[in-house]
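Participant: pasting a predicted model and its sequence here:
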Amino acid sequence: MELFSEYFKKDTLFSRIDARVKLLAAMVLLAMVLSYKGFAFPLLMALLCLFFCIKMRIPLRVFILRFSEPLFIAAVVLLLKFLFSGEEVLFSINIMGARITGHKDGLMDGLQIASRIWGAVSVVAVLGLSTPFNEFMAGLSWLRVPKGFIEILMFAYRYIFVLFEDAMVIYNSQKNRLGYSNVRRGLSSFGVLAGSLTLKALEHSQNVTVAMVQRGYDGNMPILKHKPFRASEILFSALFLIVMGFAWSI
Amino acid sequence: MKIQTLKIRIQVFIPVLFGCFLFARNAYAMHISEGILPWNWAALWFAVAAPFVAYGLYRLKKLSNTDLSFKPLVGLMAAVVFIISCMPIPVPTAGTCSHPCGTGMSGILLGPTISVLVTAVALLIQALFLAHGGLSTWGADIVSMGVMGSFAGFLTFRALRAIKINIPIAGFMAGLLADWATYITTSVELASGIKGDSPFMPLFWKILIAFIPTQLPLGILEGAMTAGMVVLLYKKRPDLLVKMRVLKPEEVAA
């Protein structure tokens, strides 16, 4: 399983910016993209984020893989709105007795939604690609997200990889024994896989608790503390958001 | 007559085909993509999800005060839900791969309020590090997968066990209904979010029909998975099911 955090590179400009600044900027930009009436601003954001990803030396394969699903959804929503929604007819053709009608207002609505998806996904992707998980958690803590929630996030993130390896071992072993040779056996095997994974999770949780208690765990996990804000980062981010705000208002 | 039938078939086929592409291609069918909802709808679903997440956190704090292993357990269950909802499973009727959501399962094991929290955590990691779902649609995804999925799974399992239905069938129905409850809620959220000035109901039905090719078999898969999980735990570690209040001690003894 490849998460964005695997492609994180320390030595880029975006990686060095404080996670709190990036989180706040991403939230403001997301709000701008979602509230924009039209498609120019979200497309501008998408192109800017693409440029940022290139600057962060993200492999093209990762980029295409991660964006394929939301972009495909964007394209189909555009088609759905174009063909099935709206009143102002752009064209109308007969295919085997069925009338296919394209609507101008549907097309505009569809373009707006599709560009919003592309723009918003791009903003979140840049945030995910440029922020390591522990800094992200510290950022959430600074934003006063409840500590219990952050602790669960940290446990989950740590054990995703452990449990995923366990799941792959069980899955491959089932596959080698024809566990997925037909639908009936496949359903049964998948049930066993889910059950085994749950059992593993329960066992891991007991073991990790014992290990942590021996190291002084009292029910609270320490969370990374941030360095003080750097004035240059705040100034640069504020300037960037002002320029984006100006572009949004046009 | 033939032309009329053909017309009807094409009119049904086209939306279903689009729907198959939209929701079945690599179906992270339960996740509403980033940016698809306008800000007002996104905010509304956040407001709906917030009390459930807050209550889940309150329960977590209360339970972890008495049991230090509870937080690690919830974190690991979130990891299980994350992995299960990333597992590609072939769906023969749709000719594609699809993914269960696992919230019915966590609803049965941890209870619906903690399961909402588990789903919220899994969804946040997926949105940030896999581009599945999104930050702006996090609230909507929590409501459909976490709230509806967990409560439907939990209530179905408890209701069926109360009338003495056996464990595999109760587990199967819990998984099935959890999946379908999620799918209906996702359809409501999508239709309300993208309808614009068009009426809600026609778009809702179109989306609901479009989901059918994957969600019908996927519901069965989710049911089989949930039943398999409960049966395996019942056979190997019945004490855990009692500890987690899934079954009563006398049910295990019998």
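Facilitator: Thanks, I have it.

Participant: nearest residue to the residue in the stretch 1-150 of chain B that chain A sits nearest to in space, please, no chain neighbours.
Facilitator: Residue nearest to chain A within the stretch 1-150 of chain B: residue B:75 (2.3 Å; CB to the nearest CB). For every residue, glycine as well, the C-beta is placed using N, CA and C. The shortest distance from residue B:75 to any non-neighbouring residue, by CB to CB, 6 or more residues apart in numbering or on different chains, is to residue A:155 (2.3 Å).

Participant: and residue B:151, what element?
Facilitator: helix B:150-162 (DSSP states H and E).

Participant: run the contact check for whatever helix or strand comes next after that helix versus chain A.
Facilitator: Counting by DSSP H and E, the next helix or strand C-terminal to helix B:150-162 is helix B:167-194. Yes: judged by CB under 8 Å from any CB of the partner chain, helix B:167-194 and chain A are in contact via residue B:194.

Participant: for helix B:167-194, packing partners?
Facilitator: Helix B:167-194 sits against helix B:39-66, helix B:103-110, helix B:150-162, helix B:200-236, with contacts defined as 3 or more CB pairs under 8 Å, 6 or more residues apart in numbering or on different chains; DSSP states H and E.

Participant: and that helix, how far from the chain's centre?
Facilitator: Relative to the chain's own centre, helix B:167-194 is displaced by 6 Å; criterion: CA atoms, centre = their mean, to the nearest Å.

Participant: and for stretch B:111-129?
Facilitator: So, by CA atoms, centre = their mean, the centroid of stretch B:111-129 is 11 Å from its chain's centroid.

Participant: what do you get for stretch B:34-47?
Facilitator: 19 Å.

Participant: and stretch A:168-181, what's buried?
Facilitator: Applying a neighbour-count criterion of 16 or more other CB atoms under 10 Å in any protein chain shown, one finds A:170, A:171, A:174, A:179, A:180 buried in stretch A:168-181.

Participant: not counting that stretch itself, show me its contacts.
Facilitator: A:185, A:186, A:188, A:189, A:192, A:193, A:196, A:197, B:90 (CB atoms under 8 Å, 6 or more residues apart in numbering or on different chains).

Participant: weakest of the helices and strands packed on helix B:167-194 in terms of mean pLDDT?
Facilitator: Of all these, mean pLDDT reaches its minimum on helix B:200-236 (a mean of 85).

Participant: would it be right to say that the residue nearest to residue B:75 lies in a helix?
Facilitator: Yes: assessed with DSSP: H, G, I helix; E, B strand; the rest coil, residue A:155 lies in a helix.

Participant: would you mind measuring from it to residue B:158?
Facilitator: The gap separating residue A:155 from residue B:158 is 27 Å, by CB to CB, to the nearest Å.

Participant: looking at those two now, which is surrounded by more residues?
Facilitator: residue A:155 (24 against 15; other CB atoms under 10 Å in any protein chain shown).

Participant: tell me how far the more buried one lies from residue A:221.
Facilitator: In terms of CB to CB, residue A:155 sits 8 Å off from residue A:221.

Participant: need the contact list for residue A:125.
Facilitator: A:4, A:49, A:53, A:66, A:67, B:131.

Participant: tell me how chain A divides into domains.
Facilitator: Chain A resolves into domains spanning A:4-131+A:226-249, A:145-214 when parsed by automatic domain parsing.
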